[in-house]
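Participant: Structure of the sequence below:
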Amino acid sequence: MKRAVCAAVVGGLATYFALVPVAVALLPQGLVWKEPPAPHATATMRASVYLTSGDESVMDVRPFPRPVPNAHQVLVQVLFAGANPVDFKFRRDSLWPIVPRPKISGFDFSGTVVQAPPGSAFKPGDRVHGMLPCPFHSWGTYAELVAADEAFTAHVPPRGMTMQEAAGAPLAALTAWQAIERAKPLPAGAKVLVHAGAGGVGNFLVQLAKANGWHVTTTCSAGAALCKALGADVVVDYKREDFERVVPAGSLDAVFDCIGGAYLQKSMRLCKLSGTYVEILNDGLLDYLQVSSVTHPLYQAYFVGQFLYYTLRGALGLGPAFKRGVVQANGEQLAAVDALVAKGEVRVVVDRVFDGLGQGARDAHAYLATNKAQGKVLVDVTR
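Facilitator: Got it, this is the predicted structure:
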């Protein structure tokens, strides 16, 4: 009985302290972004909604109140929604109240402005894309309409970017951009390692690191040709060779880890003491601990323990600086990525487009869960 009580207390504390950094990281956006009020019940739109956690079968096309934009938002007719691993993870795990129910899936969008507030930088007819702040609200982008905060939205460049590519950029590109910023300043020629360079976030990391003049090594499997095409200097097929044997210990200025789990400790050994390890939130720890949900007490304890241990270790100069963060929606940074795309220095890699808010959305989630995507996965909302 005592063991059970202790386990419950430890699990509860771990859950609390694990969620606090996420909540604090997203609090500034929560203060800015207000969930659009629901209008009269008869005003609805079609959306891909889930009412409970579970596999992709819990998602279905359902009527949902049309969003009514506030004084700082534009109303956008969605053309394409970006599908990201976080979408199926939020649907899979019971994370209420962080992810309330019912919930529309999706955070990325591209589309056309249909309504804008007075004095806005946007006007009806403008082609735009953007990202909704991550958790704490029911709205999503697998829907006919979205109310998007102006500060989290950017114009789609008139040349060099399709609307499909525009939907694939926001969350992944901003995750990569902000991870790069966490590792700065690094000199030209700095040596960095990107894990999962063929993935949605990884391919932006490879390209942005090269745009900063850094020497990039990346791990992947089937995406070796893609990583080379994106500019990676060294590509390691992790199914054929151990990246620890390719990269000398203590040689890296930064590691960008989209895999986690067992990769964390291995990658730490490759970093200089003065280097930086940036972890992009992932499912690696679930696989490492062989648990199925981020709400599992063992996961929570490890998640918090890792953060405290490696952060303190880095602060004392006993290891690389350890940085872990949650992506923030940011229209200015997205516009900066767009400028690189328009100049041909960065490209948005689209893997697959799934048609429709019903089976198409479910298939997109199922495909993402295979971890085989090379680049971005999209949902065509208009089908």
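Participant: which regions of the stretch 1-150 of the chain sit below the pLDDT cut-off?
Facilitator: 1-42, 96-97, 135 (pLDDT under 70).
Participant: Quick one: the strands in it, in order.
Facilitator: 44-50, 59-65, 73-83, 103-104, 108-115, 127-131, 145-149 (DSSP state E, counting those that start in this stretch).
Participant: can you put the ones you listed in TSV and add distance to Val206 and mean neighbour count?
Facilitator: Placement of C-beta: from N, CA and C, glycine included. Shown next, in TSV, are these (distance: least, Cβ to Cβ, whole Å; neighbours: other Cβ atoms under 10 Å):
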stretch	distance to Val206	mean neighbour count
strand 44-50	31	22
strand 59-65	31	18
strand 73-83	19	26
strand 103-104	31	26
strand 108-115	20	23
strand 127-131	21	26
strand 145-149	28	26
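Participant: right, and the ones you listed - which one's nearest Gly197?
Facilitator: strand 73-83 (18.9 Å; Cβ to Cβ).
Participant: Tell me the neighbouring strands of that closest one, and mark each as parallel or antiparallel.
Facilitator: Neighbouring strands of strand 73-83 in its sheet, by DSSP bridges, are strand 108-115 (antiparallel), strand 145-149 (antiparallel), strand 376-380 (antiparallel).
Participant: follow-up on the earlier one: which one of the strands of the stretch 1-150 of the chain lies closest to Gly344?
Facilitator: strand 127-131 (18.5 Å).
Participant: I'd like to know which elements that closest one is packed against.
Facilitator: The contact analysis (3 or more Cβ pairs under 8 Å, 6 or more residues apart in numbering; DSSP states H and E) places strand 127-131 against strand 73-83, strand 108-115, strand 145-149, strand 153-155, helix 163-168, helix 170-183, helix 331-342.
Participant: could I get those as JSON lines with distance to Lys191?
Facilitator: JSON lines is the format used below for the helices and strands packed on strand 127-131 (distance: least, Cβ to Cβ, whole Å):
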{"stretch": "strand 73-83", "distance to Lys191": "31"}
{"stretch": "strand 108-115", "distance to Lys191": "31"}
{"stretch": "strand 145-149", "distance to Lys191": "38"}
{"stretch": "strand 153-155", "distance to Lys191": "32"}
{"stretch": "helix 163-168", "distance to Lys191": "28"}
{"stretch": "helix 170-183", "distance to Lys191": "12"}
{"stretch": "helix 331-342", "distance to Lys191": "22"}
